[in-house]
Each structure stands twice: as structure tokens, then as C-alpha cells.
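[1] Okay, here's the prediction I keep looking at, along with the sequence it came from:
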Amino acid sequence: MRPLSLAISTFKGGAGKTTLCVNLAAEFAQQGHRTQLVDCDDQQTATRWYEVSKKRNMLPDDGRISHLQISSEDDFHGKLKSAPTVDIRVFDVGGYVHGRAVDVYEECDAVIIPIILEPTSATQAINVANILEEISKKRGGRRIPYAAMWNNVDMIALKSNRSLGEVIKILNYGKIPIVNSMIKKSNHYSDVVAGYGSLYTKLETIRNNPKLTPSARIRASESVLDSIDSIKMVNNEFINLLASEQPGQKKASNA
């Protein structure tokens with residue numbers, strides 16, 4: 001059975017797509033799925049996360065999570081074909097329109113488009129959606145379900161941000177569906193991407209820190225658990241996309 005292939009992708013830089021990809025791949029692995037993080041971004045941020053986290057012994061050694069780097073010069077389909085068998089692939093693709101992005105989209109079963117409070121984020125979401133619609137037509141009607149998701153939202157700044165209305169207006173104009181979940185701004189995600197394993201690694205470190213008082217340990221743990229719950233929401237939104245468009249497709253299950 002071919003692996004379930006998912007992407008969190010946008011052509012807007014700074015929208016946090018790699019951060020979500022890394023954390024989602026780690027979440028799937030934590031659930032017990034054999035997960036492969038496929039780095040197709042020339043910046044290789046996901047590759048660095050994997051390699052540094054492995055060196056620090058902060059990722060499981062049981063094969064639940066693996067990594068595959070595919071550069072712009074590589075044979076995309078050839079490398080996928082020769083890669084180890086997995087249950088789920090999470091694709092990280094560069095933040096601009098190029099042929100490799102199209103290769104990734106053609107492989108995908110569902111795509112989530114992260115958006116931030118900038119109008120260009122919405123216009124780039126429309127560009128991604130247009131490509132996905134064209135690929136769906138070439139497939140003969142088998143659609144690639146997609147939706148936009150608010151990412152890295154500062155809840156305090158949100159109240160006074162004048163871009164919100166314009167972003168929503170552009171998304172509505174482009175008929176881009178928006179999921180109900182919202183990823184709030186958190187330093188925990190960036191800590192993970194810096195090469196420190198997963199949110200679960202951070203949670204375990206906090207719980208095993210003898211220098212913390214019980215109350216401080218609880219507060220710190222709750223903050224990480226909130227971030228874990230947000231990544232689980234991303235998982236659930238993919239499930240919803242797959243269920244709505246491809247009910248017979250293999251799905252990732254939430255733990």
C-alpha cells in the first residue's frame with residue numbers, strides 16, 4: 001500500500017510551513033506511524049532538524065521517523081521509489097512556485113496551506129489552490145483536498161491587526177476553505193525546529209527536571225501540552241480533508 005502523502009505548503013515565506021511539517025511528522029511518529037519527513041526545500045531546514053536531533057539522541061531509534069532529502073537536481077520519483085517503506089510521508093517544499101512543488105502536489109493526498117496575517121499570504125494561498133485544482137483536473141476528477149489554516153497567530157496582536165479583514169476578503173474571493181483550527185504563536189515549535197527532538201522530548205525534559213518545583217513543572221508542562229494539542233488539531237484537519245474528499249483513502253489516526 002502506498003504511503004499516505006501530506007503537505008503543509010505555501011508560496012509565502014515566513015508562514016511557518018516547515019515548523020508545522022516537522023512537528024506534525026514528530027506527532028505521527030509519536031502515535032506509532034512509520035513516518036518519513038521528505039525535505040524538498042533547498043533551505044534544508046527540516047533536514048537540519050532531523051540530523052541535529054538525531055545527534056542529540058532526541059528522536060526515537062525504532063524506525064518510527066525517518067528522513068529523506070530530495071534536492072532540485074534529484075530524480076524525485078526515483079528517490080521516493082527507493083526510499084524505505086513507511087505509513088505516512090510529510091512533504092516540506094520550498095516557498096516559491098517551481099517544478100518540484102508541482103511534483104510534491106501531484107504526489108499528495110491532501111494539502112494544508114498555512115496563512116498568516118498578511119494579505120500576500122492569502123494571495124499565495126490562491127496560487128497554491130489553483131495549482132492543486134489543475135492537478136486534480138489532470139487526475140480525471142480525483143481531487144486533492146486542501147484548506148487554509150491560520151498559523152503563528154498572536155492572540156493579543158490579533159485584536160488590533162488591520163490586515164485580518166483584508167486577508168479574509170482575499171481568501172473568500174479565491175473561494176479558499178478555511179479550517180476551524182488555529183495555531184497560536186508559541187516558542188515551543190521553534191525550539192523543536194532548532195534541533196531539539198519533538199514537543200514530547202521537551203515535555204519529558206520538563207517532567208524529569210529535578211530543579212523545578214512541582215508547581216513550576218506543572219505550569220511548564222501545561223504550556224507544552226497546549227502546543228501538542230495544536231499539532232493534534234492539524235492531524236485532525238487532515239483527517240477531515242481526507243474524509244470529505246477521499247473516504248476510501250487510508251487515514252492517519254489521532255492517538
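    Yes, it's here.
[2] make it CA atoms for all contacts and neighbour counts henceforth
    Noted.
[3] Show me which residues of the host helix or strand of Val111 are buried.
    When secondary structure is defined using DSSP states H and E, the element that contains Val111 is strand 110-115. Of all the residues in strand 110-115, those buried under the rule 16 or more other Cα atoms under 10 Å are 110-115.
[4] what element comes up after it heading to the C-terminus?
    Along the chain past strand 110-115, the next helix or strand (assigned with DSSP H and E) turns out to be helix 119-138.
[5] Parallel or antiparallel, which strands does the helix or strand just after that next one pair with?
    Remark: after helix 119-138, the chain's next helix or strand is strand 146-153, criterion DSSP H and E. Strand 146-153 has its sheet partners listed here by DSSP bridges as strand 110-115 (parallel), strand 178-184 (parallel).
[6] quick one: strand 146-153 to chain centroid distance?
    Relative to its parent chain, strand 146-153 has a centroid offset of 10 Å by Cα atoms, centre = their mean, to the nearest Å.
[7] got the angle between it and helix 119-138?
    For strand 146-153 against helix 119-138, the angle between stretch directions is 160 degrees (axes from the mean of the first three to the mean of the last three Cα atoms, to 10 degrees).
[8] Tabulate the strands paired with strand 146-153 in JSON lines, adding columns for distance to Ile156 and mean pLDDT.
    Formatted as JSON lines, these follow (distance: least, Cα to Cα, whole Å; pLDDT from 0 to 100):
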{"stretch": "strand 110-115", "distance to Ile156": "17", "mean pLDDT": "97"}
{"stretch": "strand 178-184", "distance to Ile156": "10", "mean pLDDT": "94"}
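[9] and these as a markdown table, adding distance to Glu27?
    Converted to a markdown table, those look like this (distance: least, Cα to Cα, whole Å):
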| stretch | distance to Glu27 |
| --- | --- |
| strand 110-115 | 16 |
| strand 178-184 | 15 |
